[in-house]
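[1] Sequence plus the predicted model coming up.
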Amino acid sequence: METKIYNQKGIESGKINLPAKVFGAKWRADLVHQVVESMRSNKRAGTADTKDRGEVRGGGRKPWKQKGTGRARHGSSRSPIWVGGGVTHGPLAEKNYKRKVSKKMRAQALFSVLSKKLKDNEILFVDTLSLPKISTKSGAEVMKALSKATGFKPLANSKKPRVLTALFERSVGAEKSLRNLPQLDIVFLKNLNPMDVLNHQYLLIENPEEAVKFLESRGQ
């Protein structure tokens, strides 16, 4: 599998052979769904909590005597059917939403998503994103040049983050020049996961030679 590599000016600078196990994997919707839902579940704070009738304040005294008033019998004003009473079957903070996802499952799900993105022509490889001077304007010019070369219009003009930019390593110039662009979200390659990739239309991978080697190592 071979694909093009572009430089910051939007000019083709070479080609790269992609490993089939990473970018030619079969689409496995069941596995991707399981991993993504598990990741979403693991992000839940689990802080929602309600009080039952034994935890709310007051209600120790019987509102009125059992018989003779003509009204329904009640033993406590903290009953769930009373205003200000306890909540029945409400959420409790003690509930654990954590789900275990093995490294192999996460890697295979990522490979499946990357393969589909490549098949749909939604991955762009850029040799480097090095901006010596921190400048949002310079970052916008780089994205505009890449947009013209590839036809990926959201790279240049989108008000929503539709492009996920995976940096191979920390670069202050690139990070600070690109982070204010509304069309981009930035992530480091080592943190790349199927949920983030699926939440964006396009994926931009910097330093593809090293990036592909790293991704391939995740499946071992």
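    Noted; the coordinates are in hand.
[2] Just give me the residue right at the centre of the protein.
    Centre of the chain computed as the mean C-alpha position; nearest residue by C-alpha atoms, centre = their mean is residue 196, 3.5 Å away.
[3] Surely it and residue 186 touch.
    No. Counting by C-beta atoms under 8 Å, residue 196 does not reach residue 186; the two are 10.6 Å apart. The C-beta positions use only the backbone N, C-alpha and C, and glycine is treated the same way.
[4] quick one: the residue nearest to the centre of the chain from residue 78, how far?
    46 Å (C-beta to C-beta, to the nearest Å).
[5] do residue 136 as well
    Residue 136 sits 57 Å away from residue 78, going by C-beta to C-beta.
[6] Show me which positions of stretch 17-37 end up buried.
    Residues of stretch 17-37 classed as buried by neighbour count (16 or more other C-beta atoms under 10 Å): 18, 22-23, 25, 28, 31-32, 35-36.
[7] Of these, which is the nearest to residue 121?
    Residue 121 lies nearest to residue 23 out of those, by C-beta to C-beta, at 12.2 Å.
[8] That closest one and residue 116 touch, don't they?
    No. Between residue 23 and residue 116 there is no contact under C-beta under 8 Å: 9.7 Å.
[9] give me phi/psi at residue 5?
    Note on residue 5: backbone dihedrals following degrees, to the nearest 10 are phi -120, psi 140.
[10] ditto for residue 12
    Torsion angles, degrees, to the nearest 10, at residue 12: phi -60, psi 120.
[11] Give me the contact list for the least confident helix or strand in the chain by mean pLDDT.
    Scoring the helices and strands of the chain by mean pLDDT, DSSP states H and E places helix 172-178 at the bottom, with a mean of 89. By C-beta atoms under 8 Å, 6 or more residues apart in numbering, the residues outside helix 172-178 that reach it are 129-136, 138-139, 143, 165, 167, 184, 186, 206.
[12] Please narrow those to those residing in strands.
    Under the assignment DSSP state E, the contacts of helix 172-178 contribute 165, 167, 184, 186, 206 to strands.
[13] my read: the third one touches residue 161, true?
    The reference is to residue 184. Yes. The criterion here is C-beta under 8 Å, and residue 184 meets it with residue 161 at 6.2 Å.
[14] quick one: which of these two has more around it?
    Neighbours per residue (other C-beta atoms under 10 Å) separate residue 184 from residue 161, with residue 184 holding more: 22 against 17.
[15] Tell me how far that one lies from residue 108.
    27 Å.
[16] where along the protein do the helices fall?
    Using DSSP state H, the helices found in the chain span residues 20-23, 29-42, 103-119, 136-150, 172-178, 194-198, 208-218.
[17] Reformat these as a markdown table; add distance to residue 88.
    Output for the helices of the chain, formatted as a markdown table (distance: least, C-beta to C-beta, whole Å):
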| stretch | distance to residue 88 |
| --- | --- |
| helix 20-23 | 50 |
| helix 29-42 | 25 |
| helix 103-119 | 38 |
| helix 136-150 | 53 |
| helix 172-178 | 50 |
| helix 194-198 | 34 |
| helix 208-218 | 46 |
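[18] Ok, which of these comes nearest residue 86?
    If we rank the helices of the chain by C-beta to C-beta, the stretch that ends up nearest is helix 29-42, at 27.5 Å.
[19] Skip the chain neighbours and tell me the closest residue to residue 190.
    residue 214 (7.1 Å; C-beta to C-beta, 6 or more residues apart in numbering).
[20] you'd agree the one you found is up against residue 191?
    No. If you go by C-beta under 8 Å, residue 214 and residue 191 don't touch, sitting 11.4 Å apart.
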